[in-house]
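Chemist: sequence first, then the predicted structure, then my questions.
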Amino acid sequence: MARVTFRADRCKGCGLCTTVCPKKIVIMDTETINEKGFHPATVIEMEKCIGCAMCATICPDCVIKVER
Ligand code: SF4
Ligand code: SF4
């Protein structure tokens, strides 16, 4: 199973990563506010991740790391 991790404090909440995930499992965590004052992106249902790394590729701030 692929594993996706976020350096959440670097996230600027732009939401780009949520638009490209083919499994629609990347969401903005509206329950959390990071150091910059944004809701950071996170993954729900990690078991559905196919490790395509689309989310990591599109992130302008290198927040996301995908390991397969
Ligand atoms: S690696 Fe692919 S499937 Fe997994 S969370 Fe990122 S965009 Fe979605
Ligand atoms: S693309 Fe990067 S900066 Fe934008 S919401 Fe996703 S993780 Fe945060």
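Modeler: Nice, thanks for sending it over. Ligands and ions are numbered 1, 2, ... in the order given.

Chemist: which stretches of the protein have low pLDDT?
Modeler: Of all residues in the chain, none has pLDDT under 70.

Chemist: tell me where it has strands.
Modeler: 3-6, 26-28, 41-43, 64-67 (DSSP state E).

Chemist: out of these, deepest packed?
Modeler: Of the strands of the chain, the one with the most neighbours on average (mean count of other C-beta atoms under 10 Å) is strand 41-43, at a mean of 23. (Glycine included, C-beta is placed from N, CA and C.)

Chemist: so what strands line up beside that strand?
Modeler: Using DSSP bridges, strand 41-43 pairs in its sheet with strand 26-28 (antiparallel).

Chemist: returning to that earlier point: could the strands of the chain go into TSV alongside distance to ligand 2?
Modeler: Output for the strands of the chain, formatted as TSV (distance: least, C-beta to the nearest ligand atom, whole Å):
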stretch	distance to ligand 2
strand 3-6	6
strand 26-28	7
strand 41-43	4
strand 64-67	5
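
Chemist: beta partners for Thr5?
Modeler: Lys65.

Chemist: so who does it touch?
Modeler: Thr5 sits next to Ile64, Lys65, Glu67 when contact means C-beta atoms under 8 Å, 6 or more residues apart in numbering.
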